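Peer 1: model the structure of this input:
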Amino acid sequence: MTMGDTMRRYLLMVNRGCRVRGALAVALVLATVLAGAGLSACGGEADQGTQATGGARGVLRLASWMTLTTWDPRASAADEPLYLANLYEPLLYTNPPGSAEPFTPCLATSWEVSKDGLTWTFHLREGVKFHDGAPFNAAAVKYSIEATLKLDLGAAYMWYPVKKITAPDDYTVKITTSYPAALDRVATAMYGAWMFSPKTKGKSQEWWDAPHEAGTGPYILVSYKPNEELVFKRNPDYWGGWKSGQFEQVVVRQVAEAATQRQMLEAGEVDFADGLSRDSIPALESNPAVKIDKTTSIQNEVLMFNTQRKPLDNVKVRQALSYATPYEDILAAAANDYGQLSQGPLPRGLYPHDPNVGQYTTDLEKAKQLLAEAGYPNGGFKLLMTYASDDAFGSKFAPLIKEAFAKVGVTVDLQPLLFEQQWAKAKGPAKDRQDLFELVWWPGFPDGYDSLYSLFHSEPEPLWNMSYWYDKTYDNLIDTAFSDEPVKPDKAQQLYNQAQEMLYEQAPSLYLFDPDLLYGLNPSLKLDATALNPNYTSVFYWYRVSQ
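Peer 2: Residues are numbered from 1 along each chain as shown. Just a heads-up that it's a prediction; the model follows:
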């Protein structure tokens, strides 16, 4: 069985729509380049003088639009990481783009892979306890991964390559895979890679969602009022210890309205807001009581062509419309220029982005020339574009697509739908599908293979490949590259580059822009360089913040 086989199995089983719906599509996240800072990427080693007594004080107050669909770390696939990532920890973390090293140790202190890429050995941190008092050890790692696989929800698909897990001793885990797979990246994911207590064995879904939690993280859940408020306190036994200035308590107000979040931030009622309107950012930047942080992201906005329908089955027509697209106007209208034009199908900073991949620019004369070569000298055809009305981006730039394509003689009918309706239409009978499908996307784990596979790999029936573009050469390139990652990284990058160039040449999709991710902060907050990491969309690591 190949990674492609297991991904296909997952894609046919799991509804991942919740990751890209409406509000989640505009999740606002900041990261800065990993640099020397007071706190390490995983919580760090505390000053020995504060290890036992700690120096945490005060309350960190947040306003967040993020809700919860489950408290179960095995099943989470939606907005939960803001909360769960402060209760649970993975074996490793992927560092922000531009860092000197790709990973930072967390519950594993070191790791290595065999020459054949089939056996990963993780050496575990000693002296760690779960919130329920159980020790963290090799048996706990084995249990966490196997329990996640057994439930087979959320992001369990990441672990499908795993064939066997053994524990040579209490602090060593060996994971054998059926084929070479990048388990170092899998082990860093914000879904499905958290370690949880073996004492949860046999606990029901109702038990988890009561709620209960059983992580090793720096904070412990105190109370939860759905759609109102969550309260957390520091874990006194946290292995990383506590330093002066860190927060004793975290209170999260669940606030869906951007205007309300802005009012609370400006009034000093909260220290952090994650759902501010992009239209409000210029005014907030001039307010000395507010700090706006922004950075690039691993999200990208795409518009997928239905390559199974005339005239979009003609590559020259797709290339022509790629040249007819007003990229800069779309970035300004949809993202308020808080972002950058895409360069290929993968955002900058997301492995294995190719900085040399081709990218279309606006050129109406070139567009007209290609249409003529394709047999449509004056355009003369009509396309249906669907976009998510509950998406902050699509509704803003859809009229620009309509206007731009009209300049080359192509009529575009716009159809706004709730995302679930848009998605259902795209997966429905071929005769009822759209010609153009708008989507905000980011990978489930910090590896571009997830994006390249989900959006463009051949599918027996549509799930995310809404261009319906199927090419076995492309499939083989990315599947082989993923298996080469742990043992032949240079070869893997080469194959990924070939695949990305294929997507440019075949133009099954428009790659529009990669939005900046934005947060509103109290200027007095001091953030570690990894408190907000673009590889973990929706996550704010409270332990890495001080006052």
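Peer 1: buried sites along stretch 524-540?
Peer 2: Buried residues in stretch 524-540, counted by 16 or more other Cβ atoms under 10 Å: 525, 527-540. Every residue, glycine included, has its C-beta placed from N, CA and C.
Peer 1: which one in these is the model shakiest on?
Peer 2: Ranked by pLDDT, the buried residues of stretch 524-540 bottom out at Ser538, which scores 78.
Peer 1: what is the three-state secondary structure of that one?
Peer 2: coil (DSSP: H, G, I helix; E, B strand; the rest coil).
Peer 1: quick check: it touching Ala77?
Peer 2: No. In this structure, Ser538 is not within contact of Ala77 by Cβ atoms under 8 Å, at 11.6 Å.
Peer 1: residue contacts, Leu452?
Peer 2: Neighbouring residues of Leu452 by Cβ atoms under 8 Å, 6 or more residues apart in numbering: 345-346, 478, 496, 499-500.
Peer 1: hmm, I was thinking of Ala181
Peer 2: 3, 117, 161, 482-483, 485-486.
Peer 1: cool, Ala289 as well?
Peer 2: Ala289 touches 266, 268, 522-523, counting by Cβ under 8 Å, 6+ apart.
Peer 1: which one among these gets closest to Ser204?
Peer 2: For those, the minimum distance to Ser204 (Cβ to Cβ) is 40.1 Å, reached by Asn522.
Peer 1: mark out where each domain of this structure begins and ends.
Peer 2: Listed by automatic domain parsing, the domain ranges of the chain are 31-294+517-546, 300-515.
Peer 1: any idea which of those domains scores lowest on pLDDT?
Peer 2: In terms of average pLDDT, domain 31-294+517-546 trails the rest of these, at a mean of 90.
Peer 1: distance from the chain centre to that domain, please.
Peer 2: 14 Å (Cα atoms, centre = their mean, to the nearest Å).
Peer 1: report the beta-bridge partners for the nearest residue to Leu510 once chain neighbours are set aside.
Peer 2: Leaving aside its sequence neighbours, Leu510 sits nearest to Leu303 (Cβ to Cβ, 6 or more residues apart in numbering; 4.2 Å). Counting by DSSP bridges, Leu303 forms beta bridges with Glu438, Leu510.
Peer 1: what is the burial count for Leu303?
Peer 2: Leu303 has 24 neighbours, counted by other Cβ atoms under 10 Å.
Peer 1: now swap in Ala406 and tell me
Peer 2: 13.
Peer 1: excluding its backbone neighbours, what's nearest it?
Peer 2: Val412 (7.3 Å).
Peer 1: quick one on the thing from earlier: what's the most distant pair in the buried residues of stretch 524-540?
Peer 2: Farthest pair in these, by Cβ to Cβ: Leu525 and Asn535, 21.1 Å.
Peer 1: ok so, going back, and of the contacts of Leu452, the nearest to Ser297?
Peer 2: Distances from Ser297 to these, taken by Cβ to Cβ, are shortest for Leu346, at 11.9 Å.
Peer 1: my guess is that closest one contacts Ala499, does it?
Peer 2: No. Using Cβ under 8 Å, Leu346 makes no contact with Ala499, being 10.0 Å away.
Peer 1: these two: who's more crowded?
Peer 2: Ala499 (28 against 25).
Peer 1: for Gln205, give me phi and psi.
Peer 2: As for Gln205, its main-chain torsions (degrees, to the nearest 10) stand at phi -60, psi -40.
Peer 1: give me the neighbour count for it.
Peer 2: Gln205: 14 neighbours (other Cβ under 10 Å).
Peer 1: contact partners for the closest residue to it other than its chain neighbours?
Peer 2: In space, and not counting its chain neighbours, Gln205 is closest to Asp72: 6.4 Å by Cβ to Cβ, 6+ apart. For Asp72, the contacting residues are 151, 205, 208-209, by Cβ under 8 Å, 6+ apart.
Peer 1: if we can go back for a sec, make CSV out of the contacts of Leu452 and add secondary structure and distance to Thr361.
Peer 2: Below are these laid out as CSV (DSSP: H, G, I helix; E, B strand; the rest coil; distance: Cβ to Cβ, whole Å):
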residue, secondary structure, distance to Thr361
Pro345, coil, 16
Leu346, coil, 18
Ile478, helix, 26
Tyr496, helix, 23
Ala499, helix, 22
Gln500, helix, 17
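Peer 1: would JSON lines of the residues you listed with distance to Leu383 be doable?
Peer 2: As requested, the contacts of Leu452 are exported to JSON lines (distance: Cβ to Cβ, whole Å):
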{"residue": "Pro345", "distance to Leu383": "21"}
{"residue": "Leu346", "distance to Leu383": "26"}
{"residue": "Ile478", "distance to Leu383": "28"}
{"residue": "Tyr496", "distance to Leu383": "31"}
{"residue": "Ala499", "distance to Leu383": "27"}
{"residue": "Gln500", "distance to Leu383": "25"}
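Peer 1: for these, which one is nearest Asp274?
Peer 2: Closest to Asp274, out of all of those and judged by Cβ to Cβ, is Leu346, at 24.4 Å.
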